[in-house]
Each structure stands twice: as C-alpha cells, then as structure tokens.
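**Q** any chance you can model this:
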Amino acid sequence: MEQEKNDGINKDTVLPLPIQQNRPALSCGLKIRKMMKTVPPCLGKFRPVVGQCCHQCTPDSLSKKLGQNYSLGFHNLLRVNETQTRYRGWLVRRVCCALFVSGCKVYGSPVSGRLQRVCQSNRVKKALTAEHKAPEGGDGHGQLDFLSPFLPLINTCISSGVLRFVGWAMLKMFASVFGSIQVNLNHLSALHRASQEGSLLVYVYMRQSAVDCALIPLVLFCHSLRVPYTVCPLQIKNASLRSILQKVGVVLLPPSARTEEDAEMDTLYQSVMTALVRELLHEGQAISIGVSERSGLGGQWLARIRQLIKEGSVPDVSLVPVGISYDCVPKTYIQVGLRSIFQWLWCLFCGRPEGSVRIHLGQPFSVKEMCESGRCRVDEWLPLQDLLLPVILNNRAGRAFGQRRMSWLLPSSYYASELEEPSQSERNLSIAIILHLIFSATSCMAVMPTSLMSSLLLYKHRKGVSTSVLCRDVAWLTEELLFRNKDVGFGGSLTEVVHYSLSLLAPHLIIAAAPSKKDPLIVPSPSLAATLHLCYMAKTVTHAFILEAVGACAVSAMLCEVAHNGVSSSVRSDVEGEEVKGDTEFDVVLCQSELTARALQLCHLLPPGFMPPCQSSQSFALDAIDSLVRCGILIQEEIPRDVPICDFWKKEDGPLTWTTSDDPYHSDSDCEEPDLCSYKIRQPSHCPEMLFFLCRMLAGHLRALCWTTMGLDLFEMPLAEAEFVAQIHSHLCDTANKKKQHYESCSEEAAHTAVRTLIDLGVLLEEWQKEGVFLAVSPLFQLSENRQKLHRFISQYLYN
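**A** Next up, the predicted model:
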C-alpha cells in the first residue's frame with residue numbers, strides 16, 4: 001500500500017498497487033511500469049463536490065450546506081490504528097481494532113410495545129379482515145396467531161453487544177476482501193447535525209452486490225452515527241444466522257417467501273411492513289434501503305414512507321442518497337443464493353484483498369419539501385406509446401414532448417393493502433421520488449480506475465491499443481470526467497493508476513508484449529464473460545457522458561439519413577456491425593431543430609437513472625446538443641446574410657423607426673422568420689474519434705432493443721413475463737454468438753430493459769392471470785411492416 005501525498009485534500013486516500021508475482025496475465029507489468037516512468041505525476045489534484053441536493057426540487061435543503069467546507073477528504077475505513085483509540089502502546093497496536101469498535105457510539109433500539117402497536121394498525125386489521133383470517137374486532141391473541149410468521153421481523157432490534165462484535169468481524173472480513181474502503185467525509189458533518197436535530201434519516205443506495213447492505217451500517221457505525229435498520233432483499237434460511245442479523249437491525253424476508261417479489265404479493269406482508277416502517281420512524285430509527293434500477297425493486301419502501309408522510313403518521317423524512325463504487329464488484333451476489341451463507345463467508349475470508357471501494361454519502365433532503373412545494377412536476381408524464389408511436393408508425397416530424405411514465409417502478413399491487421388507492425398524480429409523485437433517488441445515488445458513484453479503463457477499451461479501442469496511447473487517453477478521460485463534476489475513485493501518478501487498473505482487469509484482457517517492442521499491446525478479450533464485465537464496469541462513465549452520448553447518437557441518426565439518401569457514401573449506420581469507413585470530415589450541415597428532435601426521441605428510450613427526473617425531456621435534448629458544441633464535435637455554421645443581423649428597419653403605422661436586435665422589448669414575429677441554427681461536424685484535435693466513442697456507449701442498449709424487436713416472431717405467445725425475459729436473453733446470446741461480436745447487448749439487464757421498453761411502447765401487452773403476468777404481441781405489431789418500422793427507428797441511432 002502506498003500513501004497518496006500529492007495534495008492536501010485526500011489525506012487518507014490510499015492507492016493499492018497490486019503488483020503480485022502470482023498473476024501471469026501481467027507478466028509484462030514491469031515492462032509497462034518502466035515504459036511509463038517518464039510520465040509526469042497527475043490525477044488527484046482536484047476533487048469535485050458530489051452528492052448535493054437538487055437545486056430545483058429541494059432548494060431549502062441545499063441551502064443548509066452552502067458556505068461550509070467541502071474539502072474534508074476521505075477516510076480509509078479499514079485503516080484502524082492506535083490513533084483512533086484512547087490508548088497507546090505496543091499491545092494497543094495489536095488490539096486497536098477491538099478497542100476502536102468498543103469505543104464507537106451505539107444507539108439503543110427498544111422494541112417494547114412495538115408488536116402491540118403493529119397489531120393495532122388499521123392496515124393490518126384491514127388485511128386480516130379482507131383475507132378472512134381474523135374477524136372484525138377480534139382479540140389480540142387471535143391476531144398474533146395469524147401474524148406469527150412476521151413476529152421475528154417485527155421484533156428486529158439492535159443489540160449493542162452483538163453490533164460491536166459484528167462490526168469488528170466485518171472490519172476483519174472486508175480487510176481480506178478489499179484493499180481499502182474510502183469514505184467521503186464531506187457530508188458526514190451534515191448527517192451528524194441532522195441526527196442531533198432529530199431528523200429521521202433514510203439511506204438509499206443502488207443494489208450491486210450482497211455486501212452493499214453491510215457497507216452502509218459499517219460506515220455509520222465507525223463514525224458514531226445511528227446504525228440504520230437495513231432492508232435485506234436476500235432470502236437466508238439458516239435460523240442461527242437469521243437470529244444474529246435480526247439483532248443488528250437487518251429486516252429479512254419471511255421464511256415462506258422465496259424472493260422479494262413473492263413477499264410483496266402478500267397483502268398481509270405489505271401491511272405489516274408499512275406498519276413496521278411507521279413504528280421505526282416513530283422510534284427515531286434510521287433505515288437503509290437498496291433500489292434496483294432494472295426492476296424498481298426496493299422502491300416500494302420509499303412509497304411506504306411517502307404514504308406515511310402524506311397521511312400525517314410521520315412529520316417528515318430526510319433521504320440520503322449513497323453512492324457505492326467498486327474496483328471489482330464482489331462475485332458473492334450469486335454465491336449467496338446458490339451456496340450456504342457459511343460457504344460464502346469462507347470464500348470471503350480465504351480470498352485475496354482485491355480492489356477498493358469508494359462510498360459517497362450524499363446531502364440529506366426533505367421528502368416533504370420535494371412533494372408539497374409543487375416543484376416536482378409530474379403532470380406532463382405520458383405513456384411511452386403516446387410519445388413515440390406517432391413518430392415511429394406515422395413518420396411524423398413533430399417532437400415527442402412530455403416525460404415518459406414508468407409505472408412499473410411501483411406496481412399497482414403494492415396499493416392492495418392501502419385503505420384507499422391514491423390518485424394517478426400521487427402515484428406518479430411516489431415514482432418521481434424513486435427516480436430521483438436512483439439518479440442521485442448513481443450520480444454519487446465515483447468513477448473507479450477499472451471503470452475508466454473498461455470504457456476506453458470497450459468503446460474506443462475495441463481492436464487493441466498500445467500502452468502509451470492508453471496512458472494518454474486515461475489522462476484525457478480523467479480530465480473530462482472532472483470537468484463534468486464527476487468524482488474519480490483514485491489518485492496518484494498515471495503510472496500507478498494504469499498499472500493498478502490493468503492488474504484488476506487482467507483476466508478480461510489480452511496483454512501482448514513482444515521482446516522487440518517496448519510498448520505492450522492491450523486487447524479486450526472477445527469472450528462473452530469479459531465483454532459483459534467490461535460493459536458493467538463502464539456504466540458509471542456512460543452515466544457521466546450521457547448528454548454527449550445522446551447528442552452523438554442523434555448526429556449518427558442524421559448521418560444515417562444522409563447516407564441513405566445517397567448524399568455521402570462514406571457514412572453508414574448498420575445494425576449488423578460494419579464500421580464507418582472513409583473520411584469522417586463530413587461536408588454536411590445539420591439543422592439544430594432536427595438534431596434536437598432526434599435527441600428528444602432517443603431520451604424516451606433511456607432506462608431509468610440516466611436523465612434527471614426533474615428536468616424536462618426537451619431541456620435535456622437541448623443540453624445534449626449543446627454538450628457536443630462544448631466538446632468540439634459540432635461547430636455552429638455561419639449563415640451569410642445580405643442584411644446585417646445587428647440592425648434592421650421596421651415600419652409600423654407611423655414613420656420608419658430604427659430598431660436594434662438587442663432590444664429586449666422587440667418583437668417582429670410577423671415580418672421576420674426565426675433564425676435557424678445549424679452545425680457542421682468536425683474531429684476534435686484532442687480526440688479525433690470522440691463522436692464514435694460516444695455513440696458506442698448506448699449501442700449495447702439500442703442493439704438489444706433491435707434484436708428483441710426482430711425476434712418477437714420466434715416465440716409462441718402468450719408467455720409468462722419471467723419466462724419471456726429468459727427466452728429473450730437466450731435469443732440475444734444466440735444472436736451475439738452467431739455474429740461473434742456485440743456481447744454487451746446480451747446481458748440479463750439488457751434483456752429485461754428491452755422487454756420493459758417494448759411493454760411501455762405497446763409492442764407487448766400484459767395479460768393478468770391467476771398464475772401471474774403473461775405477455776403477448778399486440779395486434780398492431782403482429783404486422784411485420786410495423787416491426788420493421790420500429791427496427792428502423794431504433795437502428796438509426798446505432799453507429800455500428
């Protein structure tokens with residue numbers, strides 16, 4: 001381990017240098033390091049501020065942080081030494097971890113009377129009556145019999161002794177898994193102040209691994225903040241382990257439910273969980289929730305909190321988005337479901353420390369302020385088919401104004417336990433909170449060195465790159481990320497960063513070092529597993545460049561139309577994978593209004609988490625085009641005029657009057673046409689292929705949509721939704737295997753997102769049956785002509 005000394009901001013930032021002799025994939029590591037010795041130190045000079053509240057939806061919460069010091073640095077959670085204890089000496093240095101844990105502040109969690117209060121909840125009584133499990137006005141003993149499967153969940157508590165022991169064990173366990181766990185300290189003071197003021201805090205993070213739900217309580221415990229009750233979506237069967245976890249505040253699934261979806265189908269479970277959340281908040285407890293951007297699972301807990309605030313059971317809650325970034329996402333997520341938990345722990349303890357974790361705790365913001373201020377607008381939300389089908393099928397030139405409604409993030413079955421179902425606007429408001437947290441937590445995630453390297457290798461140097469060129473691109477991309485206010489999860493010299501990321505990605509790369517050449521060649525492995533891993537790691541870079549990526553795909557769509565009309569033979573957009581050949585300096589003028597319309601249509605196809613939910617799609621599309629101007633890809637075309645644009649004569653009822661164009665009160669719409677802005681494409685000198693680099697970022701998602709659309713006639717419908725998604729996933733994998741490329745389009749997430757998009761478009765119809773939800777192709781798209789139109793609409797945005 002090497003302490004970073006290049007600035008005073010990141011005092012505890014540690015950059016692991018995993019140069020190990022037992023990694024044959026990097027046998028040329030010494031050669032790489034020698035070759036890069038002449039590269040000057042860089043990176044880590046500036047850290048942008050991340051995790052701030054939305055200035056539009058929650059300006060009051062944002063103002064509480066203004067004027068405070070943001071340069072508080074980072075803390076390595078695993079670096080426990082004697083300075084963090086009250087004692088000094090030789091023996092203290094060997095037991096400092098135990099002493100540190102014993103000195104951390106623990107907040108008690110009494111459970112006295114909680115069970116009785118949950119039983120008296122109107123929701124629970126209604127659910128018991130509706131299912132004929134208990135008569136109206138029945139005694140408490142009868143209710144306890146029916147609620148017996150949920151009693152351990154209701155009695156979940158936080159034991160001080162068990163919490164300290166589990167905290168010590170987790171520090172030891174994570175020390176064998178990760179090289180470091182870096183915590184951003186910028187917003188910890190705000191959390192301490194909010195805790196002292198009695199604010200109710202709810203931490204929200206994106207689900208990535210099984211260790212996500214353990215990291216946040218560990219961070220808060222080590223900084224003497226209230227440890228939250230953690231909602232765990234995994235099913236754990238071992239009774240002893242369930243008992244231990246329920247004594248450290250982990251809310252588990254009931255033993256009878258196989259998955260979280262199965263549990264949420266039970267109206268009694270929904271009622272009990274809503275009542276439990278109310279009681280926890282009444283007790284002043286904090287809660288930790290993980291949300292899935294793919295399926296929206298976890299968002300029902302945010303909807304419960306919103307419902308409690310609306311009905312007055314809870315005065316207000318402060319939401320805290322948390323961004324967790326991994327150098328290497330732990331492979332334990334699948335193992336937890338397939339093996340016993342003890343085998344999983346054994347794999348962790350026996351593993352070698354690999355990679356680092358960066359945790360950003362965002363600034364808390366008020367739910368009540370966001371919902372009741374009227375700043376969060378949901379009245380323009382429309383179904384996706386209303387936004388895009390007129391453009392796709394009728395080839396209308398009009399723009400698809402409005403916001404895409406994503407009702408599937410909060411299924412209507414959740415409200416089965418409510419006393420009265422809320423209106424559509426109230427439900428949309430709950431979905432807006434879920435979308436806001438998905439976007440905020442994703443924005444808090446730092447770009448790790450492996451993410452940066454994966455993006456370059458996958459989207460810019462798919463056919464291989466020399467190490468010297470890769471180093472220059474790493475420095476360039478780091479500056480671009482910092483310019484976009486995106487934090488990076490590394491520091492130190494360029495030599496260390498490149499060698500460190502190559503060490504972690506070595507199993508997914510082909511590194512060739514010829515004796516006659518000083519510059520090794522690095523090629524991403526063409527296998528399915530390697531491509532999916534690089535694609536998953538590159539997601540944070542795609543989120544940072546989403547504006548530019550949307551704008552680049554809009555430019556690609558217009559160039560595709562130009563090529564189709566035969567204006568230029570050097571421009572091509574082909575789903576089958578043929579690359580653009582020839583001169584990329586296009587002598588083509590692109591209209592701003594048309595570019596904006598293409599970008600606006602593409603916005604509606606993006607998965608949740610990419611677009612700010614409080615920003616209109618029209619504004620996002622305009623920003624996407626402007627971002628290409630800032631990048632140097634587009635340059636504004638000067639339109640020659642016979643009459644200078646600075647002034648003109650204007651004749652009214654009276655004599656001629658002199659008018660200047662900068663007159664703020666001037667309006668001459670009746671006699672003057674509006675100025676149309678147009679652009680030309682150029683190659684930026686700092687990155688000549690930047691346009692294609694940006695286009696490839698969304699190619700995996702768009703290509704999966706194309707393949708899914710063209711494969712609809714291969715299946716016998718109707719099919720259960722889970723089975724249909726599995727078959728689509730298999731179809732995507734088969735298509736990629738036939739083409740021997742584009743494996744980034746055949747992940748499970750790509751299949752799930754493609755199916756959900758086609759449902760929202762009206763291509764697939766949902767049929768509700770007793771066995772579950774079944775999908776069938778709508779009559780409109782049973783016609784191959786309409787499927788071809790949809791395929792052409794999506795494929796126009798593909799560069800290759």
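**Q** now the strand ranked longest in the chain - C-alpha only, PDB.
**A** For the chain, the longest strand by residue count, based on DSSP state E, is strand 318-326. C-alpha atoms of strand 318-326 as PDB (Å, rounded to 0.1, in the frame of the first residue of the first chain):
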ATOM      1  CA  SER A 318     -34.700  13.200   5.100                       C
ATOM      2  CA  LEU A 319     -33.500  11.000   2.300                       C
ATOM      3  CA  VAL A 320     -29.700  10.400   1.900                       C
ATOM      4  CA  PRO A 321     -28.500   9.000  -1.500                       C
ATOM      5  CA  VAL A 322     -25.400   6.800  -1.100                       C
ATOM      6  CA  GLY A 323     -23.100   6.000  -4.000                       C
ATOM      7  CA  ILE A 324     -21.000   2.800  -3.600                       C
ATOM      8  CA  SER A 325     -18.300   2.200  -6.300                       C
ATOM      9  CA  TYR A 326     -16.200  -0.900  -6.600                       C
END
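**Q** that strand pairs with which strands?
**A** For strand 318-326, the paired strands and their directions (DSSP bridges) read strand 201-206 (parallel), strand 356-361 (antiparallel), strand 365-366 (antiparallel).
**Q** ok, how many other residues are close to residue 329?
**A** When neighbours are counted by other Cβ atoms under 10 Å, residue 329 registers 19. (Each C-beta comes from the backbone N, C-alpha and C, glycine too.)
**Q** pretty sure it is in a strand, no?
**A** No - going by DSSP: H, G, I helix; E, B strand; the rest coil, the assignment for residue 329 is coil, not a strand.
**Q** about what we covered before: can the strands paired with strand 318-326 go into CSV with extra columns for distance to residue 391?
**A** Shown next, in CSV, are the strands paired with strand 318-326 (distance: least, Cβ to Cβ, whole Å):
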stretch, distance to residue 391
strand 201-206, 32
strand 356-361, 38
strand 365-366, 36
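**Q** now residue 184: phi and psi?
**A** Taking degrees, to the nearest 10, you get phi -70, psi 120 for the backbone angles of residue 184.
**Q** any idea of the pLDDT on the spatially closest residue to it that is not a sequence neighbour?
**A** Beyond its immediate neighbours in the sequence, the residue positioned closest to residue 184 (Cβ to Cβ, 6 or more residues apart in numbering) is residue 360, lying 4.6 Å away. Note on residue 360: pLDDT of 93.
**Q** ok, residue 69 next?
**A** 53.
**Q** and what of residue 90?
**A** In this model, residue 90 is scored at 72, pLDDT.
**Q** could you do the one 3 residues further on as well?
**A** In this model, residue 93 is scored at 73, pLDDT.
**Q** where's it, which helix or strand?
**A** Taking DSSP states H and E as the definition, one finds residue 93 inside helix 90-94.
**Q** same question, residue 752
**A** Here residue 752 is assigned to helix 748-761, by DSSP H and E.
**Q** try residue 738
**A** Counting by DSSP H and E, residue 738 is part of helix 721-739.
**Q** okay, buried residues for that helix please.
**A** Under the neighbour-count criterion of 16 or more other Cβ atoms under 10 Å, helix 721-739 has 721, 724-725, 727-729, 731-733, 735-736 buried.
**Q** against which helices or strands is the lengthiest helix in the chain packed?
**A** Secondary structure assigned by DSSP state H gives helix 424-444 as the longest helix of the chain. If contacts are counted by 3 or more Cβ pairs under 8 Å, 6 or more residues apart in numbering; DSSP states H and E, helix 424-444 sits against strand 201-206, strand 287-291, helix 299-310, strand 318-326, helix 367-372, helix 539-544.
**Q** pull out the buried positions in that helix.
**A** Neighbour counts over helix 424-444 (16+ other Cβ under 10 Å) mark 426-444 as buried.
**Q** ok, stretch 765-775 next?
**A** 765, 774-775.
**Q** and stretch 155-168, by the same measure?
**A** Neighbour count says stretch 155-168 has 156-159, 162-164, 166-168 buried, by 16+ other Cβ under 10 Å.
**Q** who touches residue 110 in this structure?
**A** Residue 110 makes contacts with 157, 283, as judged by Cβ atoms under 8 Å, 6 or more residues apart in numbering.
**Q** how close does it get to residue 236?
**A** With distances taken as Cβ to Cβ, to the nearest Å, residue 110 is found 25 Å from residue 236.
**Q** residue 413 - nearest residue in space that isn't next to it in sequence?
**A** residue 265 (6.7 Å).
**Q** one more: residue 105?
**A** Nearest residue to residue 105 in three dimensions, chain neighbours excluded: residue 224, at 4.0 Å (Cβ to Cβ, 6+ apart).
**Q** secondary structure class for that neighbour?
**A** Residue 224 is classified as coil under three-state DSSP.
**Q** dump the residue contacts of the most centrally placed residue in the chain.
**A** For the chain, the residue nearest the mean C-alpha position is residue 442 (3.8 Å; Cα atoms, centre = their mean). Neighbour list for residue 442: 206, 293, 323, 540, 543, 609 [criterion: Cβ under 8 Å, 6+ apart].
**Q** between the residues you listed, which sits nearest residue 782?
**A** residue 293 (31.1 Å; Cβ to Cβ).
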